[in-house]
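In: need a 3D model of the sequence below.
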Amino acid sequence: MKKRLFILTCIFMMLSNITIAGANETIPNPIEPEFSYASDFSEEGVAMIATGGEWSLKLWYDVQGAKYGFIDRSGKFIVEPQYDWATAFVEGFGRVEKEKKIGFVDLTGREIVEPQYDWVDDFSEGMAAVEKNDKWGFVDKTGKAIVTPRYNRVDSFKYGIAKVYKNNKVGFIDKTGKEIVTPQYGAIEPFAGGMAAVYKNGKWGFIDQTGKEIIKPQYNSVGSVGRPEVNYFTEGLALVANDPGDRNPLFIDKTGKVVLKTRYDYAFDFSNGLALFSKGSKIGFIDKKGKEVIKPQFTDAQSFNEGMAAIMSKERKWGFIDKTGKVIVKPQYDNVFDFQDGIAIVQNGLKRGLIDKTGKVILKPIYEKIKPLDGGLIMIQQSGKCGLANRSGTVIVKPKYDDIKNFSEGLAAVELKEKWGFINKNGEIIITPQYAVVNDFKNGFALVQREQWKYHFISNPLHKPKKS
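Out: Numbering: from 1, shown residues only. All right, here's what the predicted structure looks like:
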């Protein structure tokens, strides 16, 4: 089941670009032959491929009867197709399945971990989680079992430690397998600012990356109210609360000392040196000494980002202020988005535009979509067609494509009349739209399909691919 769900995820990602191919034109430096399935090339220059078999749709798309192997950038097999399933290389290893058991192969094709586990995860920080008989452990890159399967569940290693679960409790182990935090917490949140929030006996506290309990669980909540991402201690302080409804929040430092007490309805974490707070029906901002730098006066607001904060007027229009509270962009938009690299998307009705930090309109709100791309370019959509503009507002490519993806290795995939090709950052067509499906260029190659379920590789014409 896990294998099929993994395949389903991969196929779903590829189907998000799928169209029907038309005339087949010259392929730039293709790798033949045609494959039943394949992955992008890894940094090591290895791609997973499958041959034979047949695609079918049951509860999901799956290729039945195929055999999996690996090729290098020249198209040479480093592992002949022989496995029942395989994945792309991560950290120099690929997962393989034989007779319903899973292991790992290295870049030479050697089985560093003979297929013996019910499931394995990719390597992370040199360690891979493995499952056998519904228990989880870890192996290293030599194939040695560092942690024999004994946990109910484990997470991948990050910052040299991994979460482990036993009897509905969670703790941490290090790379030697030592339990630096015995499973004892009901929950452990991701690390942020070198600390992680932990939940025990109905209260929240904090541990550091050694597993030491720095702040004993004692708070009803931690982090910004209503925010999907908690960024505690990113500016040295964390937001905590004990009152019902998270009223009267406190700010504590990394020792647990209460640095700032408030009497507000709610507050957000500090960002750019200021924290948003609500008093009654109005919103303002305080500094780390608790001074109300910007008095509560706004109907709604967002935290500061790049020195600017979005604010809503009583007329329910959005604009921007700077850190002194000065209105830089008069509230006039139905919606606005945070500044990114000095520009922000603004919206009136269903149309979007772009402004800079002075409020100057770079692109008038006449587009259905605006999306910043890599390399300082911006995708614009008008009347259902996509084009390109630069950060000065100059339209480089008038909207004419059905879709434009992000740039990768200097090229962006474009769709025209249900065919995909690639353009460069000047908007010039480098590879004529001709494919049913294309992936981004990665490590010198792009995985493409001339027609559905027939996979090929083309090299990036902007540079010579590395040879294995």
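
In: make it CA atoms for all contacts and neighbour counts henceforth
Out: Noted.

In: hmm, who's touching the strand or helix carrying Ile294?
Out: Element membership for Ile294, per DSSP states H and E: strand 292-298. Here strand 292-298 makes contact (CA atoms under 8 Å, 6 or more residues apart in numbering) with 277-279, 282-287, 311-314, 324-325.

In: then stretch 278-285?
Out: Looking at what lies outside stretch 278-285 - CA under 8 Å, 6+ apart - the contacts are 264-267, 274-277, 292-301.

In: ok, now stretch 112-128?
Out: 2, 90-91, 93-98, 100-106, 129-133, 138-143, 156-158, 160, 175.

In: run the chain-centre distance for that stretch.
Out: Offset of stretch 112-128 from its chain centre (CA atoms, centre = their mean, to the nearest Å): 23 Å.

In: also stretch 398-413?
Out: 20 Å.

In: distance between the ends of that stretch?
Out: 16 Å (CA to CA, to the nearest Å).

In: average model confidence for that stretch?
Out: Averaged over stretch 398-413, pLDDT sits at 97.

In: buried stuff in that stretch?
Out: Neighbour-count burial for stretch 398-413, counted by 16 or more other CA atoms under 10 Å, picks out 398-408, 410-413.

In: now, the residues you listed that are in strands?
Out: Within those, residues falling in strands by DSSP state E are 398-401, 403-408, 411-413.

In: next, format those residues as TSV and append distance to Pro81.
Out: Formatted as TSV, these follow (distance: CA to CA, whole Å):
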residue	distance to Pro81
Lys398	46
Pro399	44
Lys400	42
Tyr401	38
Asp403	35
Ile404	35
Lys405	32
Asn406	33
Phe407	32
Ser408	29
Leu411	31
Ala412	32
Ala413	30
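
In: out of those, who's nearest Gly376?
Out: Lowest distance from Gly376 to these (CA to CA) belongs to Phe407, with 10.2 Å.

In: per-residue confidence for the closest residue to the closest one other than its chain neighbours?
Out: Distances taken as CA to CA, 6 or more residues apart in numbering put Asp374 closest to Phe407, at 5.8 Å, once the chain neighbours are dropped. Note for Asp374: predicted pLDDT of 89.

In: is it true that Asp374 touches Lys405?
Out: No: contact criterion CA atoms under 8 Å: Asp374 and Lys405 do not qualify, at 10.2 Å.

In: how about the nearest residue to Pro433, chain neighbours excluded?
Out: Gly421 (3.6 Å).

In: I misspoke; the intended subject was Arg450.
Out: Nearest non-adjacent residue to Arg450, counting by CA to CA, 6+ apart: Tyr435, 4.8 Å away.

In: circling back to that earlier point, out of the contacts of strand 292-298, who's nearest Phe445?
Out: Nearest member of the contacts of strand 292-298 to Phe445, counting by CA to CA, is Ile311, at 44.9 Å.

In: next, count neighbours for the closest one.
Out: Number of residues near Ile311 (other CA atoms under 10 Å) recorded here: 26.

In: hang on, it in a strand?
Out: Yes: counting by DSSP: H, G, I helix; E, B strand; the rest coil, Ile311 is located in a strand.

In: what about the closest residue to Met308 other than its chain neighbours, how many residues nearby?
Out: Leaving aside its sequence neighbours, Met308 sits nearest to Asp322 (CA to CA, 6+ apart; 4.9 Å). Neighbour count of Asp322, defined by other CA under 10 Å: 18.

In: roughly how far apart are Asp322 and Phe304?
Out: Taking CA to CA, one finds Asp322 at 8 Å from Phe304.

In: list residues touching both of these two?
Out: By CA under 8 Å, 6+ apart, no residue touches both Asp322 and Phe304.

In: quick check: mean pLDDT of stretch 131-146?
Out: 97.

In: could you pull out the buried residues of it?
Out: 131-132, 135-141, 143, 145-146.

In: stretch 269-277 too?
Out: Residues of stretch 269-277 classed as buried by neighbour count (16+ other CA under 10 Å): 269-271, 274-277.

In: partner strands of the strand holding Ile294, with direction?
Out: strand 282-286 (antiparallel) (DSSP bridges).

In: tell me the buried residues in the strand it pairs with?
Out: Of the residues in strand 282-286, 283-286 count as buried by neighbour count, 16+ other CA under 10 Å.

In: tell me how far it lies from the chain's centre.
Out: Distance, centroid of strand 282-286 to centroid of chain: 31 Å (CA atoms, centre = their mean).

In: what do you get for stretch 452-461?
Out: The answer for stretch 452-461 is 25 Å, by CA atoms, centre = their mean.

In: with just CA atoms, put that stretch into PDB.
Out: The C-alpha coordinates for stretch 452-461 follow below in PDB (Å, rounded to 0.1, in the frame of the first residue of the first chain):
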ATOM      1  CA  GLN A 452       1.400   9.800 -22.100                       C
ATOM      2  CA  TRP A 453       3.400   7.200 -20.200                       C
ATOM      3  CA  LYS A 454       6.300   7.200 -22.600                       C
ATOM      4  CA  TYR A 455       9.300   8.800 -20.800                       C
ATOM      5  CA  HIS A 456      12.500  10.300 -22.300                       C
ATOM      6  CA  PHE A 457      15.300  12.600 -21.100                       C
ATOM      7  CA  ILE A 458      16.400  15.700 -23.000                       C
ATOM      8  CA  SER A 459      19.600  17.700 -22.000                       C
ATOM      9  CA  ASN A 460      19.700  21.400 -21.300                       C
ATOM     10  CA  PRO A 461      20.800  23.100 -24.600                       C
END
